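*Asks:* Fold the following and give me the result.
(2 chains)
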Amino acid sequence: MQDVENIVNGQKLFLKEEYQTSLAAKKEFESAMGAVNPAKVEEIAQWTKSWDYREKNLAREAITINPAKACQPLGAIMAGLGFENTMPYVHGSHGCVAYFRSYFTRHFKEPTPCVSDSMSESAAVFGGLANMKDGLRNCNAMYKPDHIAVSTTCMAEVIGDDLGAFIIGAREEAEGELDNLPITYAHTPSFVGSHITGYDNMMKSILEQLSIGKEASVKDEERINIIPGFEPYLGSLAEIKEIGKMFSDKIVMLGDHEEQWNTGAGGYSLYAGGTTLEDAKTAINAKATISLQKYSTIQTAKSIKNKWKQIYETCNPIGLSGTDEFVMMLSKLTGKDVPEALKIQRAQLVDAMQDSYPYMHGKKFALYGDPDFLLGLVSFIVEMGGIPTHVLCNNAPRKGWEDDMKAIISKSDWKDDCNIWMGKDLWHLRSLLFTEPTDFLIGNVYGKELYRDTGIPLIRIGFPIFDRHHLHRYSISGYKGALNLLTWIVNAVLDQLDEETKDIAKTDYFFDCVR
Amino acid sequence: MSETLEALQKEAIEEVLKIYPDKAKKNRSKHLGVDTPEGVKGACDKTRSNKQTVPGVMSQRGCAYAGSKGVVWGPIKDMIHISHGPVGCGQYSRAGRRNYYIGTTGVDIFVTMNFTTDFSEKDIVFGGDKKLKKALQEIDTLFPLNNGISIQSECPIGLIGDDIQAVAKVHKKESDKPTVAVSCEGFRGVSQSLGHHIANDMIRDEVMPDASYRKDFVSTDYDVAIIGDYNIGGDAWASRILLEEMGLRVIAQWSGDASYKEMAIAPKAKLNLLHCYRSMNYISRHMEQEFGIPWMEYNFFGPSKTTESLRKIAEFFGPEIQAKTEAMIAKYTAMTDAVIAKYKPKLEGKKVMLYVGGLRPRHVIGAYEDLGMEVIGTGYEFGHGDDYKRTKEDIARSTLIYDDVNEYELEQFVKKLKPDLVASGVKEKYVFQKMGLPFRQMHSWDYSGPYHGYDAFAIFAKDMDLAMNSPVWSHTKAPWEKEEIGA
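*Replies:* Take a look at the predicted model:
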């Protein structure tokens, strides 16, 4: 029973004797093997760690277990929230939207505005036009957006709803209420690609459709657009903008969701920050556009390259060389020298890397996450002398990515010890970690079960992270972002060193106060 | 005072409706109302519910898949539940509900894992049955200790003409293990509620007829099953311990920390104890009809309701159990009285607004009232008329009733009624915290709990005090500001 002077929640309550007795008694009624024959559980648990199991596991063709990816509309919502006073609108079932909002909210610890038009059985039969007609009007009346960004769930895609025609139809019947409201739309089928594909499709649609009627020509020789991609690190967005400002005040981020998920206490407003619609409309007239996530913007790139008559570049400012490349690109495009402040930041980063390298040198890492994120992280690990033993990308693009990753890994002295796993999931990774263990694991929250099972420490970098607070506020991009990465990784190594050497009178001779 | 409150609540409804276009206004007005304990034909009797959500609003509702996979089937721990279709649904619903269990995850237990057929365009065009068949075989190879597989349909399955029932039937025959195909596509119905119903129906059709575990089961006169407790934060464990202490034998927990056998032997119970009426009344009614097992609703939130429920349960079993129960109640009441003495002075008179799902919009009112807190608004995400009718018994004062309330409405209601605490879900949490309002998630117990039973009430009280009396709320206003900011 609870001690009123020391009330404990479930963590310790269930350790009390009466609960342990009750839980033990419950086994009598259970069919789980742990209750029936614990030795069998141990036997199978051991087998799952074996090479035999690994081979069977890697041979899977039909079932995905513990994926490291999500579906298109999630990314479309992030793209939409990057624009000012924009309401993401999902044409389809509302259950999906409840999931998207919860997912982002658990990561950012912030509200996530997004509506759906609640399609149901009747819409499955007759199509979702009626939902769209009511939905756009209600959304506009209640949430007063300056722009609605429409994406779709798989239901609407399977029945083949025509968004373009539906939006025209909805406008016609809205008694003028929607006349001056920009409504952009993208088809975002969940059964194609992943959340980064959805980001790409929505971003492409927003940029194309907001600039309809504008001539595709360079009208502003100084303007440079930057598309951040599916970026869960709000600090990265801030840092990229800061670096941009050091070169020019005409560098504009397209799809800037930093403020939306980083509002202060003292009142709630639905919308915050974002690229202005004016900036989005005139993006077509810039000198150049840079994408920071090549593989989250494949279709957007095609559109800009083929339709907009401007320079299009990609780079990945995660880690030292990635940031160098980004900085040099801005220098080239603006015609300005690298600012002194950035030179200092770079020198400080390199200095820090030189301070900490012994703890990362030769350490083995397993990493998983989105394609561009991995290119940046692996590059940084290699720069520090670490070994990216397993690089696993569940949503790896078919073309180009593997070659890009190989080029990065080829710079490592241990390049032959590194493995790239495309289209594999976290249950595959479990087998890899048991058969070819690494020292550390880098990835999102779902790595914690791998940590529990294998004992390999998880360094939380990625998306989503639900079980640690505020990491998303930091940058992982730019020189300062690389310093954050360095800090997190090196200190995780040192924490582990303390963990391994803390046994009194056994290992604690190595439990040093100075490292 | 109550007249003033009632007037304010009615005014709040009028004001909130102003924003809507006519059609939506007409619809929403039927979902909002006010009721009082002494009211006749008030909102609890009249509120329109379980209807299509108005398109274009930020509804907090989920879908049928969420009701089946997320609520009913997902927690059954020794079965593997496949999210059949595209990758998203399984990912968003992975390991978020805190359905606690004991077991070796990935070996004999699978609750927090995500199994999905991860549909590609090819599966949509050519159908996914072949992939499903292969997926079932691969699962049996890699997870030999699974005690069955359920197939949880996502939206496309019902639209592309797949025959998952046929695939399941073949696999069941080949593997000799339960293989259950659930057509809980997200577009079915208006909320997660239909998913509960569909999931219940599949338990009825696929699990209840399986008498293999019942054959040799030795019953006692005191066997009960807990139905509709998902063991969030360990709720069912904190409940079964009370039932055991009063002399009953809990032979099954549905479905938090449940194993297949517990599902199959439930018809051996003498009484089914139903906590979440909304999600599992269907199967309780079925067991009554098919096996003659009576069922009884109970409420283990807060000592008043817990004691009332325990006495009702004990009465069913007769004097011997009643005597034991009274002794137990006396023992725990001493503790909960001390909890109330400790926390009530800090919480008394504080006003609460609730918006949750299932049974909680009415069931938790008593727990707040035990602490002297006053619930002035409540509503269901996916309740039906019978839920609202039952709510009448639980309201203690004039209460604003809102069905399928959307984010705009809830925000306006809160601004108008100025509660001291909002208790709802994660999507709403940060909206209200930004306004400087203490908030507790009442789906996940805000990563604390359990909240069922006497021991849990101590945790509930402590958590509410923590939320209400944290110093962090006093920092919102900067020292250089004169005016109050926020809500």
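
*Asks:* in terms of contact, does A:T297 touch A:E231 like I think?
*Replies:* No. In this structure, A:T297 sits apart from A:E231 without contact. The criterion is CB atoms under 8 Å, and the distance is 11.5 Å. C-beta: built from backbone N, CA, C; applies to glycine.

*Asks:* Identify the contacts common to those two.
*Replies:* Taking CB atoms under 8 Å, 6 or more residues apart in numbering or on different chains as the contact definition, A:T297 and A:E231 share no neighbouring residue.

*Asks:* who's in contact with A:H470?
*Replies:* With CB under 8 Å, 6+ apart as the criterion, the residues that contact A:H470 are A:K109.

*Asks:* With A:L234 as the reference, measure out to it.
*Replies:* Here the criterion is CB to CB, to the nearest Å. By it, A:H470 lies 10 Å from A:L234.

*Asks:* cool, and B:I459?
*Replies:* Taking CB to CB as the measure, B:I459 and A:L234 are separated by 34 Å.

*Asks:* I'd like to know which helix or strand in chain A has the lowest mean pLDDT.
*Replies:* Across the helices and strands of chain A, the lowest-confidence element by mean pLDDT, DSSP states H and E is helix A:121-126, at a mean of 95.

*Asks:* pLDDT averaged over whichever strand or helix holds B:L466, what's the number?
*Replies:* Under the assignment given by DSSP states H and E, the secondary-structure element containing B:L466 is helix B:454-469. On average, the pLDDT along helix B:454-469 is 98.

*Asks:* and if you look at stretch A:67-79?
*Replies:* Mean per-residue pLDDT for stretch A:67-79: 98.

*Asks:* CA-only coordinates of that stretch in CSV, if you can.
*Replies:* Listed next in CSV are the C-alpha coordinates belonging to stretch A:67-79 (Å, rounded to 0.1, in the frame of the first residue of the first chain):
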residue,chain,number,x,y,z
PRO,A,67,10.6,0.8,-39.5
ALA,A,68,12.7,3.9,-39.5
LYS,A,69,10.4,6.0,-41.6
ALA,A,70,6.9,7.5,-41.7
CYS,A,71,4.4,8.3,-44.5
GLN,A,72,4.0,11.2,-46.9
PRO,A,73,1.4,13.5,-45.4
LEU,A,74,3.5,13.9,-42.2
GLY,A,75,6.2,15.6,-44.3
ALA,A,76,3.6,17.6,-46.2
ILE,A,77,2.4,19.1,-43.0
MET,A,78,5.9,20.2,-42.0
ALA,A,79,6.3,21.8,-45.4
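
*Asks:* gap between it and the chain center?
*Replies:* Relative to the chain's own centre, stretch A:67-79 is displaced by 9 Å; criterion: CA atoms, centre = their mean, to the nearest Å.

*Asks:* on that earlier part again, for the helix holding B:L466, name the packing helices and strands.
*Replies:* With contacts defined as 3 or more CB pairs under 8 Å, 6 or more residues apart in numbering or on different chains; DSSP states H and E, the packing partners of helix B:454-469 are helix A:10-13, helix B:235-245, helix B:303-317, helix B:319-347, helix B:365-370, strand B:421-424, strand B:439-441.

*Asks:* quick one: the helices in the stretch 1-150 of chain A?
*Replies:* A:10-13, A:17-26, A:33-36, A:38-47, A:51-58, A:72-80, A:94-108, A:121-126, A:129-143 (DSSP state H, counting those that start in this stretch).

*Asks:* Generate TSV for these, with distance to B:L8 and mean neighbour count as supplementary columns.
*Replies:* Formatted as TSV, the helices of the stretch 1-150 of chain A follow (distance: least, CB to CB, whole Å; neighbours: other CB atoms under 10 Å in any protein chain shown):
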stretch	distance to B:L8	mean neighbour count
helix A:10-13	38	18
helix A:17-26	45	14
helix A:33-36	54	21
helix A:38-47	58	14
helix A:51-58	61	15
helix A:72-80	36	31
helix A:94-108	30	26
helix A:121-126	38	15
helix A:129-143	22	23
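
*Asks:* wait, which of those is closest to chain B?
*Replies:* Comparing those against chain B with CB to the nearest CB, the closest turns out to be helix A:94-108 (2.3 Å).

*Asks:* got the angle between the helix holding B:L466 and helix B:303-317?
*Replies:* For the pair helix B:454-469 and helix B:303-317, the angle between their directions (axes from the mean of the first three to the mean of the last three CA atoms, to 10 degrees) equals 160 degrees.

*Asks:* Sort out which residues of helix B:454-469 are buried, please.
*Replies:* For helix B:454-469, the buried set under the neighbour-count rule, 16 or more other CB atoms under 10 Å in any protein chain shown, comprises B:454-465, B:467-468.

*Asks:* now the angle from that helix to helix A:17-26?
*Replies:* Using the same axes, to 10 degrees, helix B:454-469 lies at 120 degrees relative to helix A:17-26.

*Asks:* For helix B:454-469, output the C-alpha coordinates as PDB.
*Replies:* Written as PDB, here are the backbone C-alpha positions of helix B:454-469 (Å, rounded to 0.1, in the frame of the first residue of the first chain):
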ATOM      1  CA  TYR B 454      -6.800   3.100  -4.100                       C
ATOM      2  CA  ASP B 455      -3.000   3.200  -4.400                       C
ATOM      3  CA  ALA B 456      -3.400   4.900  -7.700                       C
ATOM      4  CA  PHE B 457      -5.500   7.600  -6.200                       C
ATOM      5  CA  ALA B 458      -2.500   8.700  -4.100                       C
ATOM      6  CA  ILE B 459      -0.600   9.100  -7.400                       C
ATOM      7  CA  PHE B 460      -3.500  11.000  -9.000                       C
ATOM      8  CA  ALA B 461      -3.700  13.400  -6.000                       C
ATOM      9  CA  LYS B 462       0.100  13.900  -6.000                       C
ATOM     10  CA  ASP B 463       0.100  14.500  -9.800                       C
ATOM     11  CA  MET B 464      -2.800  17.000  -9.600                       C
ATOM     12  CA  ASP B 465      -1.000  18.900  -6.800                       C
ATOM     13  CA  LEU B 466       2.200  18.800  -8.800                       C
ATOM     14  CA  ALA B 467       0.400  20.300 -11.800                       C
ATOM     15  CA  MET B 468      -1.600  22.900  -9.900                       C
ATOM     16  CA  ASN B 469       1.100  24.100  -7.500                       C
END
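
*Asks:* Let me know the angle separating it from helix B:235-245.
*Replies:* Using the same axes, to 10 degrees, the inter-axis angle of helix B:454-469 relative to helix B:235-245 is 140 degrees.

*Asks:* ok now helix B:454-469, how far from the chain's centre?
*Replies:* 19 Å.

*Asks:* Do any residues in stretch A:77-88 lie close to chain B?
*Replies:* No. Interface with chain B: stretch A:77-88 contributes nothing (CB under 8 Å from any CB of the partner chain), its closest point being 9.0 Å away.

*Asks:* and that stretch, how far apart are its ends?
*Replies:* Using CA to CA, to the nearest Å, the end-to-end distance of stretch A:77-88 comes to 6 Å.

*Asks:* Which strand or helix spans the most centrally placed residue in chain A?
*Replies:* In chain A, the centroid-proximal residue (CA atoms, centre = their mean) is A:F463; its distance is 4.3 Å. Secondary structure assignment for A:F463, by DSSP H and E: no helix or strand.
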